[in-house]
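> One predicted model, sequence on top.
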Amino acid sequence: MQLPHAQAAVIQTVSADEAQPVDALARATDLPVETVTGAVFELEEQALVAVTERVEESIELTDEGVAYADGDLPEVTLYRAALDAGADDEPVSMGQVIGSSGLEGAQVDIALSNYARKGYGVIDSGEITADLDADPDADSEATALETLAAGDGDATDATDIDDDTIEQLERRGLLERSESTVREATLTDEGVTVLMEGIEESQTVGQVTPELLTSGEWEDAEFSAYNVEADAERIEGGKVHILRQTANRVKDVLVGMGFQEMEGPHADADFWINDCLFMPQDHPARTHWDRFALENPTHIDDLPEDLVERVERAHREGVGDDGEGYHSPWDEDFARALALRGHTTSLSARYLSGTEIGELEPPQRYFSVEKVYRNDTLDPTHLLEFFQIEGWVMADDLSVRDLMGTFEEFYAQFGITDIEFKPHYNPYTEPSFELFGTHPTTGELVEIGNSGLFREEMLEPLGVECDVMAWGLALERLLMLMYGFEDIRDIHGTLCDLELLRETEVTY
Amino acid sequence: MPTVDIAPDELRDLTGHDEKSDDELIEDLFALGLEYEGETEEGEFELEFAPDRLDRLSVEGVARSLRYQYGDARGVYVPKTNSPDWTITVDESVPDERPYVTGAVVRDVNLDEDALDSLIQLQEKLHATMGRKRAKGAIGIHDMTMLKGSPATEGNPSVRYTGVEPDEDRFVPLDSDKDLTPGEVLEEHATGEKYADLVRDNDRYPAIYDDLGLFSFPPVINGRRTEVSEESRDLFVELTGTDQWTIDKMCVIICYALSARGGTIEEVTVEYPDGRPDGRDLVRPNLETKTKTVSHDRVETILGIDFDPEEVVDLAERAGLDAETGENEDGDLVYEMTIPPYRVDVLHPMDVIDDLGRAYGFNELEPRYPDVGTVGGRHERTRLEDAARTQLVGLGFEDLLNFHMINETENFSRMGLASGEEAFGAGESTTIKEPYSEDYTMLRTWVLPSLMMVLENNTHRAYPQDLAEIGFAARVDVEGEDEANTETGVDESRHVSAVLASHDAAYEDAKARLQALVRNFGGELETPATEHPTFIDGRTAAVVVDGEEVGVIGEVHPKVLVEHDLEVPVAAFEFDLESLA
């Protein structure tokens, strides 16, 4: 019979009378254990050998256990020191005994916690007594350690030691118990027959080599089989950050819907962040408490003068035949003050004003998925920096129905359907809606965005003469809704957990 | 979002709809834009409100809106008023910081416990919103039986709005038994301390007097003498502030709420001295309506459906407005809409169309996808960023995302760097004014500090840790230093930053990856030796792409590693993303 090299070696080594463990076979054949294991199973499949498995228990002392087996257990050391100090007569200060015992560091705690348990004496109010009746030479734990140290790590070493002691030593981290599966092989009758008939080694090849290919030997070669089911080494490939993946998914959807991407400054003048949006200067969101005002630099150098004038007029007088302004102060110095943008609607204002890429004629669609900054309280769902999805559509005569249709289409791409529109208030949109959607797994109604038609008080100064509908949404909110993250801090920021990032499934 | 507490039983009472269940009410309130947040300990609904309809900051106002929604009320309602008896005279000595005053008298109010609670809440919520925490407008409500008017012109009673020196006079404030001067109130009284900042810097403090003396110290606290209780029937309302329109509107909202509790409104005369602020006498509360002209065409295009004029008029009345049809100069159909005085949010005809939409029910509208064709596309900058990120991931880096805000210690000193140094990553930092958190005081000038912090927080995770971030960095654009001076004065850029942390990480590993990255973008990479305090001398080079120095590469200095509790070497590079463009 022809058998590959490893199988041929094993069948010629394995005995019909005595079961032999795989590692013994490996030693005898001078082959790696994995190879022999594979060969044994191959032979078993051909019914040439029989394989039995049994679980073997082993007991091994840890480094600490070996150290105590050589010397004394810390509590015994403490006992002897206590006796030397005369603690059998009357209580002695613990500090003194510990000092003379030579115990240090963690050993002190170990000694103290075992001392009383084993009846070597009493420790009370910083004083120690020693019980003369105690016999450290009869300490069952110490004896067990010595026995185990003398043995060969086999479970049979522990036969004479009671289970409680073994468990106690394991709890103290002085020994480790482990189980391993031992496979043993014996030659079957059929195997004996085959062996008697004679074994020939078939030519097998371990690795495809350049030589094998060029020489043409590969044509006659038989390739040795691998254990293809075995686990391979774990490697960490790089991965795009989960929040980036989600942002890119959103960008793909929006580009597919005909939106162009916007880009612009993170630190910007309040003029672009708020004044252009018809946000009154005494609006609560514009106080120090909500925004990140800059200390250095403090003000923007230049603003388009005529635009500033038109925006101020809108704030003071409103726009249109019977429009009204706010009854709030307006100061150009405040408009020029720099802050980290609280929303990316500052980009929309810049683009709509024509200062960014020139005058825009309807129709237009624009978006950005960029960072914004809010002086908020940090908690699992709120960060000081997060990504805002901002989008707007410019066209003649847009209606609320167009706005609703656009959002239904957008959110449907993320599995969020049955959108509800709650009429809402925003200083820069009218009508305004908060968007609510049904959570894909819990089924509850959750807020998923804010939207509306930009007010004429915002558009007219910017020079826009048609309708613009817009909406904003936190990307993190979408991520948490779609993938069920609970604490956003685990993934965004320097406190992120690499393991979590490595384990996170990719999105598509 | 701010919330207002509303008792459902009171709502049923005031709307006359006893049959409404709690759930039905919650649904009806959602349609008004008031979202149910939960229940208070007293079983009231906690409702989140948007700060436009400030007339709905009390159960009376919410009930009025519901009656319109149910069709029980239609059109504009303005309560009747009696002619003024009382006068508020304004002295020359009123502090310039708080020149305006307004007021009203409300008689025969039925103030039970619930009504009084509601009035107090309305007052607080108005202070928090329109009143800008009392700075712009503050309300004081007094029991009239305790007021003794001074005889004013023509023999009618009057009170006097004036200014006093901080310690000129004494009175007993609410929640106190002691006679205090206004100055002492700011120091010794809890409410006084809370609002002290509003008046502390004034030479003279605002004060209101009747014939018996000082009874109100706006915007801080009322006197105890005129405290309102459940027994009070006739109320004197005064408001002071920095804007006449604002306090007049707050006054109107209070009057509507008290009128819903059976009160009769009686006007007061406000007499400003000549030339201050405009020298006119006012009769208040100002319950005048105003009008907005809304075009029929605009109603149809905004709501996206066709309407008969009768329908629009009907919707307006259901929204609590009055509407009359007419024509504009071009002969197009328009509506003259009358707006009740308690509305503070109607600035433009669009606000009226929003009302019509709400009355129609926005959720009744059929969504449609707009028939507008545009071409989509990504911005070049983010395309470049994504392309570089894809290469980095291909080279085995874990892509990270860190905060743009950091502090000076992390950004500079823990990296062994000083901001004034001539080194990549140094530069004048963009700083936050009065930051809350000492962790976030500036924008990072480079990205490597963030990556080092991630390594520091992940020493318990498996190595190698090959991390990269393409991220935002900013520094103050010092004039004259750069040719391209930015508009905002902040030079914002994106950096490519990467670290290789493992037991055998070395310069060569970082350079191999940097080479691959730059080569993929067709760039020419050179790495002339340089010195940088973050890196080990002799193992540091400048990153030069196409002849321009754009970054740094090297083995991180042991002092920086130890500072970050790292026990493995780290090789790193960082450079400006634009160099790959």
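Right, received. Where do you want to start?
> Just give me the neighbour total for the closest residue to residue A:110 other than its chain neighbours.
Nearest in space to residue A:110, with sequence neighbours left out and distances taken as Cβ to Cβ, 6 or more residues apart in numbering or on different chains, is residue A:74 at 4.8 Å. For the C-beta atoms, the positions are set from N, CA and C on the backbone; glycine is no exception. Counted with other Cβ atoms under 10 Å in any protein chain shown, residues neighbouring residue A:74 total 22.
> my read: residue A:74 touches residue A:111, true?
Yes - assessed by Cβ atoms under 8 Å, residue A:74 is found in contact with residue A:111 at 3.7 Å.
> anything in contact with each of those two?
residue A:103 (Cβ atoms under 8 Å, 6 or more residues apart in numbering or on different chains).
> where does the chain have low pLDDT?
Chain wasn't specified; assuming chain A. Along chain A, the parts satisfying pLDDT under 70 run over A:153-155, A:157, A:203, A:289, A:440, A:484.
> To clarify, I was referring to chain B.
Looking along chain B with the criterion set at pLDDT under 70, you get B:1, B:152-155, B:275-279, B:479-485.
> Check it for the residue nearest chain A and tell me.
residue B:304 (3.0 Å; Cβ to the nearest Cβ).
> which stretches of the stretch 101-250 of chain B form helices?
For the stretch 101-250 of chain B, the helices defined by DSSP state H, counting those that start in this stretch occupy B:113-128, B:182-188, B:190-195, B:244-259.
> for the second one, packing partners?
Other elements packing on helix B:182-188 under the criterion 3 or more Cβ pairs under 8 Å, 6 or more residues apart in numbering or on different chains; DSSP states H and E are helix B:190-195, strand B:205-210.
> and the gap between the residue of chain B closest to chain A and residue B:332?
Per Cβ to Cβ, to the nearest Å, residue B:304 is found 19 Å from residue B:332.
> So between those two, which is more surrounded?
Between residue B:304 and residue B:332, residue B:304 has the larger neighbour count (other Cβ under 10 Å), namely 21 against 12.
> check contacts around whatever residue of chain A ends up closest to chain B.
Here chain A gets closest to chain B at one residue, residue A:399, 3.0 Å apart by Cβ to the nearest Cβ. Residue A:399 sits next to B:301-304 when contact means Cβ under 8 Å, 6+ apart.
> which other helices and strands contact the host helix or strand of residue B:13?
Assigned by DSSP states H and E, residue B:13 belongs to helix B:8-15. Counting contacts by 3+ Cβ pairs under 8 Å, 6+ apart, helix B:8-15 packs against helix B:22-32, helix B:59-70.
> Go through it and flag the buried ones.
For helix B:8-15, a neighbour-count test (16 or more other Cβ atoms under 10 Å in any protein chain shown) marks B:8, B:10-12, B:14-15 as buried.
> How about stretch B:233-248?
So, applying 16+ other Cβ under 10 Å, buried residues of stretch B:233-248: B:234-248.
> What about contact with chain A: does that stretch have any residue there?
Yes - interface with chain A: stretch B:233-248 contributes B:243, B:245-246 (Cβ under 8 Å from any Cβ of the partner chain).
> hang on, the earlier thing: residue contacts, the residue nearest to the residue of chain A closest to chain B when sequence neighbours are not counted?
Nearest in space to residue A:399, with sequence neighbours left out and distances taken as Cβ to Cβ, 6+ apart, is residue B:304 at 3.0 Å. Neighbour list for residue B:304: A:399-402, B:365, B:368 [criterion: Cβ under 8 Å, 6+ apart].
> Tell me the residues on the stretch 151-300 of chain B that lie near chain A, please.
Residues of the stretch 151-300 of chain B found near chain A (Cβ under 8 Å from any Cβ) are B:243, B:245-246, B:291-293.
> Now with 7 Å, please.
Within the stretch 151-300 of chain B, the positions adjacent to chain A are B:243, B:245-246, B:292-293 by Cβ under 7 Å from any Cβ of the partner chain.
> burial of residue 407, as a residue count?
Just going to use chain A. By other Cβ under 10 Å, 24 other residues sit near residue A:407.
> if you could check chain B rather than the one you did, that'd help
Neighbour number of residue B:407 under other Cβ under 10 Å is 21.
> Isn't it up against residue B:437?
No - assessed by Cβ atoms under 7 Å, residue B:407 is found out of contact with residue B:437, at 8.6 Å.
> Can you list the neighbours in contact with the top helix by length along chain A?
Taking DSSP state H as the criterion, chain A has its longest helix at helix A:242-256. Residues outside helix A:242-256 that contact it (Cβ atoms under 7 Å, 6 or more residues apart in numbering or on different chains) are A:261, A:367, A:369, A:387, A:389, A:391, A:410, A:413, A:475, A:478-479, A:491-492, A:504, A:506-507, B:376-378, B:386, B:399, B:401.
> what about 8 Å?
Contacts with helix A:242-256, where a contact means Cβ under 8 Å, 6+ apart, come from A:240, A:261, A:367, A:369, A:387, A:389, A:391, A:410, A:413-414, A:475-476, A:478-479, A:482-483, A:491-492, A:501, A:504, A:506-508, B:376-378, B:382, B:386, B:389, B:399, B:401.
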